[in-house]
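Peer 1: Could you work out the structure for the sequence below:
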Amino acid sequence: MATFTERMAPVLVLWLAVCLSGSWAVDKGNFKTCDQSAFCKRQRALKPGESPYRALLETMELTNSRLTLQLINDNNKVRLLLELYRLQGNMTRVKINELKPLKPRYEVPDVLIREPPTEPLSLLSQDENGVVLSLGAESQRVIVSARPFRLDIMEGREVLMSLNSRGLLAFEHLRMRKDTQADPEGEKKEEADPANQAETAEEKEEKDEDGMWEETFKSHSDSKPNGPSAISLDFSWPGVEHVYGIPEHADTLRLKTTDNGDPYRLYNLDVFQYELANPMALYGAVPVMLAHNAQRTTGIFWLNAAETWVDISSNTAGKTVFGKMLDYVQGSSETPQTDVRWISESGIIDVFIMLGPTPKDVFSQYASLTGTQSFPPLAALGYHQCRWNYNDQEDVQTVDAGFDEHDIPYDFIWLDIEHTDGKRYFTWDPHKFATPKEMLQGLVDKKRKMVAIVDPHIKVDSNYKIHNEIRSRGYYIKNKDGGDYEGWCWPGSAGYPDFTRADMRAWWASQFAYDQYEGSMENLYTWNDMNEPSVFNGPEVTMHKDAVHGAWEHRDVHNLYGFYVQMATAEGLIQRSGGVERPFVLTRAFFAGSQRYGAVWTGDNAAEWDHLKISIPMCLSLSLVGISFCGADVGGFFKSPSTELLVRWYQTGAYQPFFRAHAHLDTPRREPWLFGPENTALIREAVRQRYTLMPYWYQQFYNTHHTGEPVMRPLWVEYPQDSATFALEDEFLIGRDLLVHPVTEEGARGVTAYLPGKDEVWFDVHTFQKHNGAQNLYIPVTMSSIPVFQRGGSIIPRKLRVRRSSTCMEHDPYTLHVALNPQRTAVGELYIDDGHTFNYEKKEFIHRRLSFANNILSSVNLAPDAQFSTRSWIERIVILGASKPSKVTLNTADGKESQVEFEFDASMSVLTLRKPGMNAGEDWRVTLQ
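Peer 2: Here you go, the predicted structure:
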């Protein structure tokens, strides 16, 4: 059989290549709409109105930190259990489950970093209509209304959020299928229990609906042995017109209303060349939504890993500016409101309400639940060169040499699926990559690294060690009949390891050990693709929902699969070094918490201008929900970019967190030097700009690792009261201090950038020209232009001696760019460690605070208990918005005082201090006199 599969694999790839190259657009027919998804259609048919649920106040129990209360559905008498917690850090958790389910319902494990700590809840008042509980801080309280059941969270007289105010709470209880009744006696007993009295005419009617006990899509059937199990709940945000988040969708940053189309779908899928401006599901799902207005930012985290649909409606949607003005003039009292409804196929309702009030509070609240972005090795923030595929070791060597020849820095070269022996992961093609260690050593010698792909589908082949071991240990996902689940993917017939099992993940991690993964070395890192999981012959190109993971169906855990694959892989890279080295793992599929394990990219995009544009809101949406290490394939994966598009994409990618060029097997080669010397120079300049800013990028990742604040941010995060920023998605901030407005229009002669902050100034980083904030600035552009501005009041460290990789620049000196605000002050930071180990956790780092005030620039230690030394020194200080001093003196930690040479450009008010020469890790003070 193996030989047959061996022969078939090239045929399969050829067939796919024909399919993939023949048509360049998504086949929407492969993916369900809400109408084709039985539970979504069923739930969406429920219209807002009086909820059938009421709270049974006599069942209420209040302990120090938890309120429990039964709810009853008056239509079918099924009881639910509501649990309400007040959590530390201004959050509320609401859980709803069946009081007595027929069998346990799935609750998502492993995503929360710990059981969230609670704070005391106290009862303020109670009557037959409901109860009022104090949430402690700032006169915040929760009102539980009994009939119909609803929850309102208030601060003072203001409603912050309401649950079930539109009556869309729905909870399909687990039940026996009547036509396959095995034990009528048991059923009678169940009916006698008032908690489960579910037999009414209404219930019988409900049972007859299509798709409750089985469902067919195209040629695939889903057996649904547990019957209907969907859940739904609505949330209302008074005063809110802007909501964000719930990636991944190829859509605007500000989420649209869904009244006239499908809801946003969260269901990890391998969508071949996705369409833009569309709520269709893509590769990853983070069920987190943020709401923002000028007064407050709040968030909802819906912890459910099953297929989920999110409906958004708004009472101001579709109103023109004129319509809104008319409302204002006529004194219309309608407060804007956004209503959101979450619908999931199975599991329970487990929702975290993050009450802000600031954007940064919401980031830290969410980080306290699911963790922060992992701190990557410094080199991973450099440039990555990839394609499907570099042909052999000689090809790798030639491309590597090409970067040196054309003086373009890079850190990682990548190998896609063709590097393996017949798509068997953890192996090398014996002819094309016969001596992988020799190849890797060649990269080590140049201080460069490699990433090789390891996908989670395993070739079914009795001569393949990985397959044999997974099968003999019983680690494969099972089909509904109990056999190993098999589907088609790149190797042909493949098994899918059950990564929801801790023992399977531990075994997988062990396979990355240097003595297990033959040919691997410490400069080889990993890429997990196809981990939605992708199953070419499965429903919607993924796994059957009735496949089995131990006690659970795939439908319960689907959106977690990629999260677990990346978790196990990252753990393997950490373990192989004895816990010393930081891993780098890129994943395509993801869930809440995936930020803890590495980077994400936006999948199989296309070489089109609109795909370049959408990379910005797609990464901003991910950043808002904790995943900062995001990028898009530079140049576009499918099709071939024009040289103009390619250059503009490099210029944009150089200012996005994950910076990798990648391309499809069928596309012409596009290494940066293949488009003529002029374009090579433009691309070189963009990549070099990335490398000069590496100290700043690294510091931003250190910051996000500690605070959860995004690296790449929408402007409203820093300017939360400026409504002009709320829907901006063609420009963004890196940290607080760099504003980037890439050129993303074909043939552009100019761009208009909004510079925020009415009392602020911004400096063009290329010309040092000063501009006032709170204005739309028209910027003429040429092909070399990348509009980037530094905020007045900031200090940004750079390294201007660009070498062939970031590791080569480790000991190089720093240049400090000090941009003064109108008050003539500025602050910044400098963070330095070894760039690749976990020793920073043992306080082996330098963290300095740089500040300029009263004509004194100083560096003080932010971490006096930390120990680390650097050979890097300060070779230049550039002060923007300065006036000319008569002399400049330097005082160092050893008590020495010296004069510093300087130049002053009066036309631009730029003061440059040459070679002050102090060590970057020490205390010093520079005085302008």
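Peer 1: what residue lies at the spatial centre of the protein?
Peer 2: I627 (3.1 Å; CA atoms, centre = their mean).
Peer 1: for that one, what are its contacts?
Peer 2: Contacts for I627 (CB atoms under 8 Å, 6 or more residues apart in numbering) come out as 247, 286, 373, 590, 594-595, 600. Every residue, glycine included, has its C-beta placed from N, CA and C.
Peer 1: Doesn't it belong to a helix?
Peer 2: No - counting by DSSP: H, G, I helix; E, B strand; the rest coil, I627 is not found in a helix; it is coil.
Peer 1: Quick check on it: phi, psi?
Peer 2: Phi and psi for I627, reported as degrees, to the nearest 10, are phi -100, psi 90.
Peer 1: Could you check how far it is from H847?
Peer 2: To H847, I627 is 24 Å away according to CB to CB, to the nearest Å.
Peer 1: Next: R713.
Peer 2: Taking CB to CB, one finds R713 at 21 Å from H847.
Peer 1: Looks like W649 contacts G631 (just checking).
Peer 2: No - the criterion here is CB atoms under 8 Å, and W649 misses it with G631 at 10.9 Å.
Peer 1: Between the two, which is the more surrounded one?
Peer 2: W649 (27 against 24; other CB atoms under 10 Å).
Peer 1: Reduced to three states, what does the more buried one come out as?
Peer 2: helix.
Peer 1: Over to N468?
Peer 2: helix.
Peer 1: Check whether it really touches S462, as I assumed.
Peer 2: Yes - taking contacts as CB under 8 Å, N468 lies within contact range of S462: 6.5 Å.
Peer 1: So for these two, which residue has more residues nearby?
Peer 2: Neighbours around N468 and S462, counted as other CB under 10 Å, are more numerous at N468. The numbers are 13 against 9.
Peer 1: got a list of what the more buried one touches?
Peer 2: So N468 contacts S462 (CB under 8 Å, 6+ apart).
Peer 1: Could you number the chain from 32 rather than 1 from now on?
Peer 2: I'll keep to 32 as the first residue from here, and by that count the last item is N499.
Peer 1: Look up the closest residue to S929, ignoring the ones flanking it.
Peer 2: L921 (5.1 Å; CB to CB, 6 or more residues apart in numbering).
Peer 1: Y592: which element?
Peer 2: Taking DSSP states H and E as the definition, Y592 sits inside helix 592-607.
Peer 1: Dump the strand or helix carrying A322 to PDB, restricted to CA.
Peer 2: Using DSSP H and E, A322 sits in strand 319-323. Extracted in PDB, the C-alpha atoms of strand 319-323 (Å, rounded to 0.1, in the frame of the first residue of the first chain):
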ATOM      1  CA  VAL A 319     -12.900  38.300  22.000                       C
ATOM      2  CA  MET A 320     -14.700  41.600  21.200                       C
ATOM      3  CA  LEU A 321     -13.800  45.100  22.300                       C
ATOM      4  CA  ALA A 322     -16.200  48.000  22.500                       C
ATOM      5  CA  HIS A 323     -14.900  51.600  22.600                       C
END
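Peer 1: what sits up against it?
Peer 2: 268, 271, 273-277, 286, 328-333, 341, 369, 371, 390, 393, 397, 623, 655-657, 747, 751, 757.
Peer 1: Of those residues, which belong to strands?
Peer 2: The strands, defined by DSSP state E, take in 268, 273-276, 328-333, 341, 369, 371 from the contacts of strand 319-323.
Peer 1: Tell me the buried residues within these.
Peer 2: 268, 273-276, 328-333, 341, 369, 371 (16 or more other CB atoms under 10 Å).
Peer 1: what angle sits between the strand holding A322 and strand 328-333?
Peer 2: Taking axes from the mean of the first three to the mean of the last three CA atoms, to 10 degrees, one finds strand 319-323 and strand 328-333 inclined to each other by 160 degrees.
Peer 1: tell me the mean pLDDT over strand 319-323?
Peer 2: On average, the pLDDT along strand 319-323 is 99.
Peer 1: where do the helices sit along the stretch 382-531 of the chain?
Peer 2: 390-401, 424-436, 467-476, 496-504 (DSSP state H, counting those that start in this stretch).
Peer 1: Could you pull up the mean pLDDT of the first one?
Peer 2: With pLDDT averaged residue by residue, helix 390-401 scores 98.
Peer 1: same for it, what does it pack against?
Peer 2: Counting contacts by 3 or more CB pairs under 8 Å, 6 or more residues apart in numbering; DSSP states H and E, helix 390-401 packs against strand 122-129, strand 319-323, strand 328-333, strand 380-385, helix 725-738, helix 746-749.
Peer 1: Just give the strands next to whatever helix or strand comes next after the fifth one in its sheet, each with its orientation.
Peer 2: Once helix 725-738 ends, the next helix or strand along the chain (criterion: DSSP H and E) is strand 743-744. Listed by DSSP bridges, the sheet partners of strand 743-744 and their directions read strand 763-765 (antiparallel).
Peer 1: Which residues does the strand it pairs with contact?
Peer 2: Contacts of strand 763-765 (CB under 8 Å, 6+ apart): 647, 651, 686, 727-728, 731, 742-746, 748-749, 770-771.
Peer 1: How far off centre is it?
Peer 2: How far strand 763-765 lies from its chain's middle: 16 Å, per CA atoms, centre = their mean, to the nearest Å.
Peer 1: now do stretch 598-612
Peer 2: On CA atoms, centre = their mean, the centre of stretch 598-612 falls 21 Å from that of its chain.
Peer 1: in that stretch, what counts as buried?
Peer 2: 598-605, 607-608, 612.
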